[in-house]
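Enquirer: here is my input, please return the structure:
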Amino acid sequence: MHADGRSFLLLQGPCTTFFRRLAQHLVCQGHRVRVLNFNGGDYAFRLGLPCDTFRGKLSDLPAFLADIWQRYAITDQVMFGDRRPVHRPAIEHAASHGVRTHVFEEGYLRPHWITLEREGVNGHSLLPRNPDWFTAAAERLGPTPAIRFRSSFKVRALNDVAYHLAGLVNPLVCPHYRNHAPVTAPMEYAGYLKRFTMLRLRYRKQAAQRINQLVNSKTPYFVLPLQLNGDAQIRDHSRFKDMRDVISDVMTSFAAHAKPQAQLVIKNHPLDMGLLDYAGYIQRKAMALGLEQRVVYLESGDLNQLLPNASGMVTVNSTAGLVALEHRCPTLTLSDPIYAIHGLTSSATLNAFWEENERPDATLLQSFLTTLRYCTQVNGGFYCNTGMDLAIRNSATLLEADRSPLEEMLACLPNTA
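Expert: Numbering: from 1, shown residues only. Next comes the predicted model:
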């Protein structure tokens, strides 16, 4: 064992074998590892690893965790996502027990990156919002190249199904467990099956044709990319209760303040389950606001085709905002994502944005992206063997380090804003 060998506790991970492989790698590096299971899926995906299982009510979890941390002399805990109900108590009480928290999440920059931060991600990230800090930080850094790989959605879906099938034993082994997702797995799969069938048969072709018409027409248009309705980014990091609330606000403002010739393009999320009739809702809203000829709804479509010619993008806090910035598309955020920085995103109100939009500063954008990659991103993925091997290799050294790259940068370059 390394002289500074640590004791890791792994909580819930993605619905793949990523955490299992990570645990095995850490053990090979001389560290001790325990996994904490909350349901049958957790157990099935980490079978054979030293484990404990939490079977109690959520109110009992803080005391249970305190006992685990003390019993196994835990120095570090690792989890996927910081908003799951079973992760919130772990994050809130870890520091007082001398335990460091490492949070994995989908990459801010996709598809060849994943996110790894200390203490929290997204709205809980330690990243500053000071443009001068990013400029100064980037001056200290070189390029961060990424090894590319391909992930199969089919493999990802099969892993998700296997995880939830294993959860059928939950009433027996973990009777108090409640999934963090707002809908049940069977409803989710039924929605996906119907929507993805329609995507193949009709939606993709229709969307491609409509995007070509928009781009070639030279008509000014704004883009509103929808986020997943149950996303923690909406539930926990915004003032909106759901995406219909967002659509209503944006369409109402557009009707009252955008130029008469402008159009609003609303594009659905590629992983939406199809359980909500967005097309019908948008059509009814458009009729009520007199926007029947000015709102375009796309069930599918490529943002990389839409954004270069767009007059602007409105988003709550989606990572699509980063795609818009890379295309130097004027971007307004309705919440406080990590890229809501003066010089990158618009400081206008929603009502003013339709006429007062400015493109992001190209130099600041490069500084931001360079620093973001170095401080929070890990080359790799969760959903294929090549991606997982890369991610484990690249993240292990960060998990072992006394300070994360972001903490190191903040130590030598404090945020003085």
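Enquirer: break this protein down into its domains, please.
Expert: 7-176+373-412, 202-367 (automatic domain parsing).
Enquirer: and the helix or strand containing E408, C-alpha only, in PDB?
Expert: According to DSSP states H and E, E408 maps onto helix 405-412. Only the C-alpha atoms of helix 405-412 are listed here, as PDB (Å, rounded to 0.1, in the frame of the first residue of the first chain):
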ATOM      1  CA  PRO A 405      -6.800  21.100  -9.900                       C
ATOM      2  CA  LEU A 406      -9.400  23.800  -9.200                       C
ATOM      3  CA  GLU A 407      -8.300  24.000  -5.500                       C
ATOM      4  CA  GLU A 408      -4.700  24.200  -6.600                       C
ATOM      5  CA  MET A 409      -5.500  27.000  -9.100                       C
ATOM      6  CA  LEU A 410      -7.600  28.900  -6.400                       C
ATOM      7  CA  ALA A 411      -4.700  28.500  -4.000                       C
ATOM      8  CA  CYS A 412      -2.200  30.100  -6.300                       C
END
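Enquirer: ok, and what's touching that helix?
Expert: 117-118, 126-128, 137, 140, 371, 374-376, 398, 403 (CB atoms under 8 Å, 6 or more residues apart in numbering). In this view, the C-beta of every residue, glycine as well, is placed from N, C-alpha and C.
Enquirer: still on that earlier bit, now the domains of the chain in a markdown table, with mean neighbour count and mean pLDDT?
Expert: Formatted as a markdown table, those follow (neighbours: other CB atoms under 10 Å; pLDDT from 0 to 100):
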| stretch | mean neighbour count | mean pLDDT |
| --- | --- | --- |
| domain 7-176+373-412 | 18 | 96 |
| domain 202-367 | 18 | 93 |
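Enquirer: which residues does the residue nearest in space to the middle of the chain bridge with?
Expert: Centroid-nearest residue in the chain: E106, 4.8 Å away (criterion: CA atoms, centre = their mean). Beta-bridge partners for E106, by DSSP bridges, are I114.
Enquirer: residues in contact with it?
Expert: Contacts for E106 (CB under 8 Å, 6+ apart) come out as I114, T115, T319, F382.
Enquirer: is N229 in a helix, a strand, or coil?
Expert: Following DSSP: H, G, I helix; E, B strand; the rest coil, N229 is assigned to coil.
Enquirer: that should have said L9, apologies.
Expert: L9 - assigned by three-state DSSP - is strand.
Enquirer: that one contacts H31, doesn't it?
Expert: No - look at L9 against H31 with CB atoms under 8 Å: they stay out of range, at 11.2 Å.
Enquirer: can you list contacts of stretch 370-378?
Expert: Outside stretch 370-378, the residues that touch it by CB under 8 Å, 6+ apart are 107-109, 113-117, 121, 125, 127, 134, 137-138, 141, 143-144, 338, 391, 394-395, 398, 404-406, 409.
Enquirer: what's the offset of it from the middle of its chain?
Expert: Centroid separation between stretch 370-378 and its chain, computed with CA atoms, centre = their mean, to the nearest Å, is 15 Å.
Enquirer: tabulate the CA atom coordinates of it in CSV.
Expert: The C-alpha coordinates for stretch 370-378 follow below in CSV (Å, rounded to 0.1, in the frame of the first residue of the first chain):
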residue,chain,number,x,y,z
THR,A,370,-9.1,26.0,-21.3
THR,A,371,-9.5,26.6,-17.6
LEU,A,372,-12.7,24.5,-17.4
ARG,A,373,-11.0,21.5,-19.0
TYR,A,374,-8.0,21.7,-16.7
CYS,A,375,-10.0,22.3,-13.5
THR,A,376,-13.1,20.1,-13.8
GLN,A,377,-13.0,17.8,-16.8
VAL,A,378,-11.6,14.3,-17.2
